[in-house]
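S.K.: Structure of the sequence below:
(2 chains)
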Amino acid sequence: MSIDQPIRVLVVKPGLDGHDRGAKVVAAALRDAGMEVIYGGLHQTPEAIVEMAVQEDVDVVGLSILSGAHMTIFPRVKQLLDAAGAEDVLLTGGGIISSEDMAALAARGVGRLFGPGSRLSDLADYIRTEITRRRATTRSA
Amino acid sequence: MRAVDPSTGAPRTGASRSPSFLAWQEAFGATPERDAPFETVSCESVPALVTAEDVAGMDMAAEIGLPGQFPFTRGPYASMYRSRLWTMRQFAGFGTAADTNARYKYLLARGQDGLSVAFDLPTLMGYDSDHAHSEGEVGRCGVAISSLRDMETLFDGIPMAEVTTSMTINSPAAIIWAMYLVTAQKQGCRLDQLGGTIQNDILKEYIAQKEFIFPPAPSMRLVVDTIEYASQHVPRWHPVSISGYHIREAGSTAVQELAFTLADGFAYVEACLERGLDIDAFAPRLSHFFNSHLDFFEEIAKYRAARRIYARRMRDKYGARQARSMTLRFHTQTAGCSLTAQQPYNNLIRTTWEALAGVLGGTQSLHTNSMDETYALPTERAVKLALRTQQLIAYESGVANTIDPLAGSWFVEDLTNRMERGAEEIFRQIDELGGVIPAIEKGWFQQQIARSAYQYQREVESGRQKIIGVNHHVEDESGDERIELLEIGIEKEHGQVAALQALKRERSAAKVAAALERIRRDAASSTNLMPAFMEASAAYATLGEMVDVLRQSFGTWRESPSF
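M.R.: Here you go, the predicted model:
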């Protein structure tokens, strides 16, 4: 994969919660930062999310979870991504997630998570840096 | 919107301006303004000064009038808070029905007037606690209610004929309400003694909060069934709370909140009229629910404009004859989206002036958010401070002593007029799209809100919109700003699932099957579904079982994702 190819991001709302303000704002911001954004919409199961990620051949999956179900959903999506051979896809996201939970999820292979008050530019910078690093690693491997 | 001079924010000079005004304008222009956008939180520019000349054309008697008199700009009642303060009603629910029952008793013991039930996401979406989609979500955002058994536990020891209860439930509202009514009957109450509200506003779910199950047409039928049943059997009940709160939280501006909410309400009015209900039989039981966001005067103007627009439409367009059918009464909640995770103690202050705006706008009931809600559901200590905020405003500030004290303020009256004109323009756009439901189907509301939300976020990102702790006066927060949080362990979910499965073994399977069959039959006809839901509730049929029957009868709804 070329290092200059546009970054493809799947932004999606898993679980039963419908509060999609954050997901939509992030999708618009990443689009305006030059990424190709696939917005997966609401109420998606981990299985459906991973299927979309593989079909759309994305570099990044971003989940928005405000409901408190993050300790169930992030590990499940990560596990399914790995099982589908998509372990190099960056799993990131945001929501109402305590720093303790963020650290616990990072230990299980989830990327950086963004809480309330995060800057959109920090999110875009993080994704760009992380994908550039991953692409360079893949190429040299 | 009235023209303002873009360089100064001052009203544009007109031929009618007095010499003293022109002198002021010159002096104003001679002093540089500080570096600020001078906009509301809705990104509307505001003038530096409003004078009597700006509202000179207003017919004060016709536009403002007196409290309790058409067009009710100054309030729905003649005496307002001089006879009775607003109802202090804190929205609460978490974990199991027993956990939430304990929180209700705690709040009632500290002077709260009414209850307000927050349900968890599985309940809101019509799934039982033991459904696969409920995993990890049981009791997290509210209380888990899967059957009449849970509802009985929720109100154990609480006299349902004396306390009014508001329930934030939408797609499955009719079923949850049936469970509430049956629980009250089992306590020995008569239906005509029960007071309270079910939110039951499905239109704003399609527009903003997105907790929908069925398509719009059968959903509207369920809403009209509850309105009809309430007007015939539960006369003190408010069967729908037409809600702008969630529209605003999703990112709309103040004027969008105002217009979208009122448009939804008029759509319910039209649906009830189509059913053949008399407007004065159901309109007195319609209630509204607005957000109170950060911009103090914009919010107050929004409430005052809402009452005036509603009164005019209800009388002139829908033919209401009784005053009570024309008066807009509303609940207010302070803006959750205005709170910050950074420097969380600041949230106490934000909530205080948002609550004050609700009171000065003449709200009938109020929920004040807790300072810790950007992290989790509130702790007991945090929710007590939130309740005390209302009590401080009520008993110490003095603002409840005089009715509509801001009336006649040139700025507030001018802003109220601008709100009304802005809403009328949005009504015109909705009419052009063919009405509320066609506009939902086209994704119009959803796009409008997403656009406003993104515009606001870019203002924050650029630093034009300043938020203390987020992009202004930012501090390192590793130390003293940490607060205690409510934790809900996964064992709550396991206990709830086990109890539900035990209930399913104990109850009469034959009674449940017969009751579910009646729901299927009534759903296929035009029979009001409330009696069937009550029979099924009494037989301990679960929420998920009843909703499954309706999913088969009505189908389900998915929106096409766009951003």
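S.K.: I'd say A:L63 and A:I73 touch.
M.R.: Yes: assessed by CB atoms under 8 Å, A:L63 is found in contact with A:I73 at 6.7 Å. (C-beta placed from N, C-alpha, C; glycine too.)
S.K.: Looking at the two now, which is surrounded by more residues?
M.R.: Legend: neighbour count by other CB atoms under 10 Å in any protein chain shown for A:L63 and A:I73, higher for A:L63 (26 against 23).
S.K.: for that one, helix, strand, or coil?
M.R.: strand (DSSP: H, G, I helix; E, B strand; the rest coil).
S.K.: Just give the nearest non-adjacent residue to it, would you?
M.R.: Nearest residue to A:L63, sequence neighbours excluded (CB to CB, 6 or more residues apart in numbering or on different chains): A:G93, at 3.7 Å.
S.K.: How about B:L85?
M.R.: Distances taken as CB to CB, 6+ apart put B:A394 closest to B:L85, at 5.2 Å, once the chain neighbours are dropped.
S.K.: Quick one: low-confidence residue ranges for chain A.
M.R.: Residue ranges of chain A with pLDDT under 70: A:1-3, A:139-141.
S.K.: could you list every residue that touches the spatially most central residue of it?
M.R.: The centroid of chain A falls nearest to A:G62 when counting by CA atoms, centre = their mean (2.1 Å). Contact analysis of A:G62 by CB atoms under 8 Å, 6 or more residues apart in numbering or on different chains lists A:V9, A:L10, A:V11, A:V12, A:A23, A:V26, A:L30, A:T92, A:G93, A:G94.
S.K.: how close does it sit to B:M160?
M.R.: 45 Å (CB to CB, to the nearest Å).
S.K.: same check, this time on A:G115
M.R.: Going from A:G115 to B:M160 by CB to CB gives 40 Å.
S.K.: next one: B:Q333
M.R.: For B:Q333 relative to B:M160 (CB to CB), the value is 23 Å.
S.K.: the more surrounded of these two?
M.R.: Neighbour count, other CB under 10 Å: between B:Q333 and B:M160, B:Q333 has more, with 27 against 22.
S.K.: Now do the same contact list for that one.
M.R.: Applying CB under 8 Å, 6+ apart, we find B:Q333 in contact with B:F91, B:Y245, B:F289, B:N291, B:S292, B:L366, B:H367, B:T368, B:N369.
S.K.: mind checking how far the lengthiest strand in chain A is from the chain centre?
M.R.: Counting by DSSP state E, the longest strand found in chain A is strand A:36-44. Centre-to-centre, strand A:36-44 and its host chain are 11 Å apart (CA atoms, centre = their mean, to the nearest Å).
S.K.: Each with direction, which strands does that strand pair with?
M.R.: If you go by DSSP bridges, strand A:36-44 pairs up with strand A:8-14 (parallel).
S.K.: Need phi/psi at B:S243.
M.R.: Here is the backbone geometry of B:S243 (degrees, to the nearest 10): phi -110, psi 120.
S.K.: what separates the closest residue to it other than its chain neighbours from chain A, distance-wise?
M.R.: Once flanking residues are discounted, B:S243 sits nearest to B:F289: 4.3 Å by CB to CB, 6+ apart. According to CB to the nearest CB, to the nearest Å, B:F289 stands 17 Å off from chain A.
S.K.: Help me confirm that B:F289 is found in a strand?
M.R.: Yes: the assignment for B:F289 by three-state DSSP puts it in a strand.
S.K.: doesn't B:F330 make contact with it?
M.R.: Yes: with contacts counted by CB under 8 Å, B:F289 reaches B:F330, the gap being 6.2 Å.
S.K.: Could you check which residue of the stretch 251-400 of chain B lies nearest chain A?
M.R.: B:A341 (4.1 Å; CB to the nearest CB).
S.K.: Tally up the residues packed near that residue, please.
M.R.: When neighbours are defined as other CB under 10 Å, B:A341 has 20 of them.
S.K.: show me the contacts for it.
M.R.: Counted by CB under 8 Å, 6+ apart, B:A341 has contacts A:G115, A:P116, A:G117, B:T374, B:Y375.
S.K.: Contact partners for the second one?
M.R.: Counting by CB under 8 Å, 6+ apart, A:P116 makes contact with A:I96, B:T340, B:A341, B:T374.
S.K.: can you check B:H131 too?
M.R.: The contact partners of B:H131, taken as CB under 8 Å, 6+ apart, are B:P122, B:G544.
S.K.: gap between it and B:D150?
M.R.: 15 Å.
S.K.: Which elements pack onto the lowest-mean-pLDDT helix or strand in chain B?
M.R.: Least confident helix or strand of chain B, by mean pLDDT, DSSP states H and E, is strand B:91-92 with a mean of 89. Judged by 3 or more CB pairs under 8 Å, 6 or more residues apart in numbering or on different chains; DSSP states H and E, the packing partners of strand B:91-92 are helix B:97-109, strand B:115-118.
S.K.: Going by neighbour count, which residues in the longest one are buried?
M.R.: Pointing back at helix B:97-109 there. B:A97, B:A98, B:D99, B:T100, B:N101, B:R103, B:Y104, B:L107 (16 or more other CB atoms under 10 Å in any protein chain shown).
S.K.: Helix, strand or coil: sort out B:T332 for me.
M.R.: What three-state DSSP gives for B:T332 is strand.
S.K.: For it, list each beta-bridge partner.
M.R.: Beta bridges link B:T332 to B:F290, B:L366 when assigned by DSSP bridges.
S.K.: Return the distance of it relative to B:Q364.
M.R.: Between B:T332 and B:Q364 the computed distance is 8 Å (CB to CB).
S.K.: and the two? which has more neighbours close in?
M.R.: The residue with more neighbours, out of B:T332 and B:Q364, is B:T332; 28 against 20, by other CB under 10 Å.
S.K.: how far away is that one from B:I247?
M.R.: From B:T332 to B:I247 the distance is 14 Å (CB to CB).
S.K.: Over to A:D32?
M.R.: Here A:D32 is placed at a distance of 24 Å from B:I247 (CB to CB).
S.K.: So between the two, which is more surrounded?
M.R.: Comparing A:D32 with B:I247 by other CB under 10 Å, the one with more neighbours is B:I247, at 27 against 13.
S.K.: tell me what the top helix by length along chain A is packed against?
M.R.: Secondary structure of chain A per DSSP state H: the longest helix is helix A:120-140. If you count contacts as 3+ CB pairs under 8 Å, 6+ apart, helix A:120-140 packs onto helix A:21-32, strand A:90-95, helix B:444-462.
S.K.: any idea of the angle that helix forms with helix A:21-32?
M.R.: Between helix A:120-140 and helix A:21-32, the angle comes out at 60 degrees (axes from the mean of the first three to the mean of the last three CA atoms, to 10 degrees).
S.K.: what residues does the stretch 401-550 of chain B put near chain A?
M.R.: B:I449, B:A450, B:A453, B:Y454, B:Q457, B:E461, B:I467, B:G469, B:V470, B:L485, B:I488 (CB under 8 Å from any CB of the partner chain).
S.K.: so which of those is the most crowded?
M.R.: B:I449 (26 neighbours).
S.K.: Tell me who's in contact with that one.
M.R.: With CB under 8 Å, 6+ apart, B:I449 has these contacts: A:R21, B:I207, B:A208, B:I247, B:A250, B:G251, B:S252, B:Q256.
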